[in-house]
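Asker: The following comprises the amino acid sequence and a computationally predicted model.
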Amino acid sequence: MGLDDHAHASRNGTPVRVLVVDDHSEARDVLRDLIDGIDAFALVGEAASGEEALEAAAALAPRLVIMDQRMPGMDGLEAARRLKARHPEVVIVLTSADDLPSDLIDRCGAASFIHKHRLTRGRLVEVWRTQVT
C-alpha cells in the first residue's frame, strides 16, 4: 500500500485542498513538489505571509494548511491562531528550521509541527490521517 492509500481524500472523494504558506519562494517550491507527489492532496494556493494566508484561506477554503512559523509581519503562530479561530475545521501543520515548544503549537491551534528537515510526504499523510480518523 502506498502513501495515497492512507491519505484519505475528503469525504466526498475529492482531493484534500492544501494551502502552503512560507515567505521564501524556494520553500514554497519544495512544498509544492511535496504536495504534487501525493495524489490525495491538491495544492489550491500559496501565500508568502500570515496576512496573505488568512486572505487565501478565506478565498480558497483549504482543508490543510502547511505554514512556516517564522515570517516577517504576522508570524505563523499568530496566523495559525487567527486561522483556526475563523476556520476551526482547517488542519494546520507548522514548519520551521527551528524546534518549537509543544505548548506554543497547542496554543495556536496547530495540529502538528514538523521540522523542515523532517518534512516528508509520509509525515504529511500521517498528520492528515490522524486528524481525520
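Answerer: Thanks, I have it.
Asker: From Val93, how far out is the spatially most central residue of the chain?
Answerer: Note on the chain: the residue nearest the mean C-alpha position is Ile66, at 1.8 Å, using Cα atoms, centre = their mean. To Val93, Ile66 is 5 Å away according to Cβ to Cβ, to the nearest Å. (Each C-beta comes from the backbone N, C-alpha and C, glycine too.)
Asker: what residues are shared contacts of these two?
Answerer: Common contact partners of Ile66 and Val93 (Cβ atoms under 8 Å, 6 or more residues apart in numbering): Leu124.
Asker: re earlier: wait, the residue nearest to the centre of the chain touches Arg28, no?
Answerer: No - counting by Cβ atoms under 8 Å, Ile66 does not reach Arg28; the two are 9.7 Å apart.
Asker: Now the common contact residues for those two.
Answerer: Residues touching both Ile66 and Arg28 (Cβ under 8 Å, 6+ apart): Val20.
Asker: all helices for this protein, in order.
Answerer: For the chain, the helices defined by DSSP state H occupy 3-7, 25-36, 50-60, 76-86, 102-108, 121-132.
Asker: Now the second one: buried residues?
Answerer: Neighbour-count burial for helix 25-36 flags 27-28, 31, 34-35 (criterion: 16 or more other Cβ atoms under 10 Å).
Asker: I figured Ala27 hits Asp68, correct?
Answerer: Yes - using Cβ under 8 Å, Ala27 is in contact with Asp68, at 6.6 Å.
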